[in-house]
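*Asks:* I would like the atomic coordinates for the input below:
(chains A and B)
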Amino acid sequence: MTKKQKKVLYRIIVSAVLLIMLHFLPISGWVSFALYMVPYLIIGCDILKKACKGIRNKEVFDENFLMAVATVGAILLGDYVEGTAVMLFYQIGELFQSYAVGKSRKNITSLMDIRPDYANVEKENGELEQVDPDEVAIGTVIVVKPGEKLPIDGNVVEGSSTLNTSALTGESLPREVSVGDAVISGCVNLTGLIKVETTKEFGESTVSKILDLVENSSMKKSRSENFISKFARYYTPAVCYSALVLAILPPILNLLMGNPANVGEWVTRALTFLVISCPCALVISIPLSFFGGIGGASSQGILIKGSNYLETLASTETVVFDKTGTLTKGVFQVVKIVTDMSQEELLKLAAHAESYSTHPISKSVVEAYGKEIITGEVGDIQEISGHGVKAMCFGKEVAAGNDKLMKSMGLTPPEAVEDGTVVYVAVDGSYAGCIIIADTLKSESEGAMKVLKRAGVRKLVMLTGDKKSVAEKIAGQLGIDMVKSELLPADKVTEVESLLEQKKKGKALAFVGDGINDAPVLSRADIGIAMGAMGSDAAIEAADIVLMDDNPEKIALAIKISRKCMGIVYQNIVFALGVKAICLILGAIGIANMWLAIFADVGVMVLAVLNAIRCLYIKKD
Amino acid sequence: MTKTYKIEVDCANCALKMEEAAKSTAGVANATVSFMTQKMKVEFAEGADVDSVMKDVVKACKKVEDDCEIYL
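*Replies:* The predicted model follows:
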């Protein structure tokens, strides 16, 4: 509890004890009034003061005013106990509310708190000093011990270890790092001591960017939140005037009809009406639900930049994917080797011939070979631009390259049936076989499509710059509804625009990309989702939702979280308004008393807050 | 120019009121208050003097909600 809350708690206890004692004293008249004023003022002085200030500042209709009028009204009617008790229970309710809200706010923020507290910098005498990460300059070597959080982005210069990235991705898949590897802040060092040379300032590091993004997410307000703010602005004055009418009109009608005016009864009803009306339950529970949803999602490695995006995501009907890097790994790998000799042998010769080339295709061949290149066995290398490589390897004349290279040597290789880039290999002037290199699908992609369909997404679309045959094969494998292939980056925007026109009103279109060259599409779609943001600033900037790992299954999870969150938001709106409306009617016709009124105010709010907290918990299936 | 300030406010409705008050202060182009993170983000109008504008914002907020605090 904070200091403020404790002070209120003491006041509550003192005035409650006094109130009970007074109840047993045989007092009446002015003495009774004077004595009851003591607990009333102890508990209600700040409310009365605020109400007076409100009136002076022409901000009349707030809850302080409502409570002041209700309790002073009761006391003027001679109901000292009720006046004091209502104020007492109001304060208990407020205290409980501020405690519950504070607690849940802390829960959510602690979930998102990946802020490192310090960085270890080695001093000249070899001792370690803990300094504020903010003060570490670029190029400083920091020491990260096992169990510590990496405070700043950088490159490993000494040691090797395993990093836990779960704070960033929600997945506890350990990542091996050693000298030369780039590491990003927010990861936890698990096994060995590493020294890291920082490449960024703390403020520019991944962890700061993410914290900034999540903390500012509640600034972007959703339509539901704006609705509630507007609603609250008209609601309170409306209720106050209704209460006034309720207090004045029926007694006048009674008098006109010749009945006793019964002013006391109607004023009591009007006061009850006022207590019921406080809009706090709504005003607090809606942003809290969104905040919980965003917090829960971020613990799963899904960063949502604002409540408004969470709201839009819930109505997603079409999901458009970029192929490379999103559904596929975006890395070229050897997928097949066709040859009459042993595959191992062919790969060995090709890898040696290509070992000096920096071309990405050559690199993937060398990588597929996997064993050490014996440089002494490679000689007489000729790189023929646009064709391939010729070299002497292990005493043989090896040529590796495309069909043009083969033709220039007078060879006619067989037509390759597989899709992908083909590297033909000729040994000692005769055709020996070919190596096929292609981008491979992510293992989660197929599952992700199924979960998305199950989550109610109607249409799955894939856009790619790749060849039609490749695109259609992948789409068939994954169960994608619509494919557009051979697109230039600008065409993707046009395609997304036409899809935006086709979709139903009130439904949203999400575009998923890796954030590298699809920034315009990311911003054009209703929701831009960037994947694999580990270390990519561009993705964090351009997208509305950022998935910290490469797993496309997280898209469905994000949609599920958003739907659950929106469900809770609507439940709270309907529940809070419903109970209030019923209680207001009961109050007006005289059935509800002050106690029910207090429940309608505080009880509804506490229930709504508890419901909102459910947004935090995410079921994975 | 946009700046973020740490605030202290007890109830969500009061946070809304502060937001309204800050928005209608002269020199402020837009303002948002997040009750959840207890932060106020103020977008200043072009050429506004940040310090004096923020003084007015604090005054306006105190007027609508006596119990609030803005850490400049």
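
*Asks:* C-alpha from now on. contacts and neighbour counts both.
*Replies:* Fine.

*Asks:* For chain B, which helix extends over the most residues?
*Replies:* Assignment by DSSP state H gives helix B:50-64 as the longest helix of chain B.

*Asks:* Just name whatever secondary elements it is in contact with.
*Replies:* Helices and strands touching helix B:50-64, as assessed by 3 or more C-alpha pairs under 8 Å, 6 or more residues apart in numbering or on different chains; DSSP states H and E, comprise helix B:12-23, strand B:69-71.

*Asks:* and these, which is most packed in?
*Replies:* Using mean count of other C-alpha atoms under 10 Å in any protein chain shown, the stretch among those with the largest mean neighbour count is helix B:12-23, at a mean of 23.

*Asks:* In which helix or strand does whichever residue of chain A sits closest to chain B reside?
*Replies:* Distances between chain A and chain B by C-alpha to the nearest C-alpha are smallest at A:Ile284, namely 5.1 Å. In the assignment (DSSP states H and E), A:Ile284 maps to helix A:280-298.

*Asks:* mind listing what the very next helix or strand once past that helix pairs with, with the direction of each?
*Replies:* Sequence-wise, the next helix or strand downstream of helix A:280-298 (DSSP H and E) is strand A:302-304. Strand A:302-304 sits in its sheet next to strand A:545-547 (antiparallel), going by DSSP bridges.

*Asks:* quick check, distance from the partner strand to the centre of its chain.
*Replies:* Computed by C-alpha atoms, centre = their mean, to the nearest Å, the chain-centroid distance of strand A:545-547 equals 7 Å.

*Asks:* what about residue 30, how many residues close to it?
*Replies:* Using chain A. Applying other C-alpha atoms under 10 Å in any protein chain shown, we find 9 residues neighbouring A:Trp30.

*Asks:* if you could check chain B rather than the one you did, that'd help
*Replies:* Neighbourhood size, B:Asn30 [other C-alpha under 10 Å]: 17.

*Asks:* And for A:Asn259?
*Replies:* Neighbours of A:Asn259 (other C-alpha under 10 Å): 11.

*Asks:* A:Ile152 now?
*Replies:* A:Ile152 has 32 neighbours, counted by other C-alpha under 10 Å.

*Asks:* Surely it touches A:Lys195?
*Replies:* No - look at A:Ile152 against A:Lys195 with C-alpha atoms under 8 Å: they stay out of range, at 11.7 Å.

*Asks:* give me the element residue 5 is part of.
*Replies:* As the question left the chain open, I've gone with chain A. helix A:3-23.

*Asks:* My question was about chain B, not that one.
*Replies:* B:Tyr5 belongs to strand B:2-8, assigned by DSSP H and E.

*Asks:* Smallest gap between chain B and chain A, at which residue?
*Replies:* Per C-alpha to the nearest C-alpha, B:Ala12 is where chain B lies closest to chain A, at 5.1 Å.

*Asks:* Who are the contact partners of the nearest residue to that residue once chain neighbours are set aside?
*Replies:* Nearest-residue entry for B:Ala12: A:Ile284, 5.1 Å, with adjacent residues in sequence omitted and distances by C-alpha to C-alpha, 6 or more residues apart in numbering or on different chains. By C-alpha atoms under 8 Å, 6 or more residues apart in numbering or on different chains, the contact set of A:Ile284 is A:605, A:609, B:11-13.

*Asks:* just the helices in the stretch 201-350 of chain A please.
*Replies:* A:206-216, A:223-256, A:263-276, A:280-298, A:307-314, A:343-354 (DSSP state H, counting those that start in this stretch).

*Asks:* Give the buried residues for the fifth one.
*Replies:* Applying a neighbour-count criterion of 16 or more other C-alpha atoms under 10 Å in any protein chain shown, the buried positions in helix A:307-314 are A:307-314.

*Asks:* And the longest helix of chain B, how far out from the chain middle?
*Replies:* Centre-to-centre, helix B:50-64 and its host chain are 7 Å apart (C-alpha atoms, centre = their mean).

*Asks:* got it, and stretch B:15-33?
*Replies:* Distance, centroid of stretch B:15-33 to centroid of chain: 5 Å (C-alpha atoms, centre = their mean).

*Asks:* what do you get for stretch A:227-247?
*Replies:* Here stretch A:227-247 is found 35 Å from its chain centre; the criterion is C-alpha atoms, centre = their mean.

*Asks:* Next: stretch A:403-416.
*Replies:* Centroid separation between stretch A:403-416 and its chain, computed with C-alpha atoms, centre = their mean, is 53 Å.

*Asks:* Good, wrapping up.
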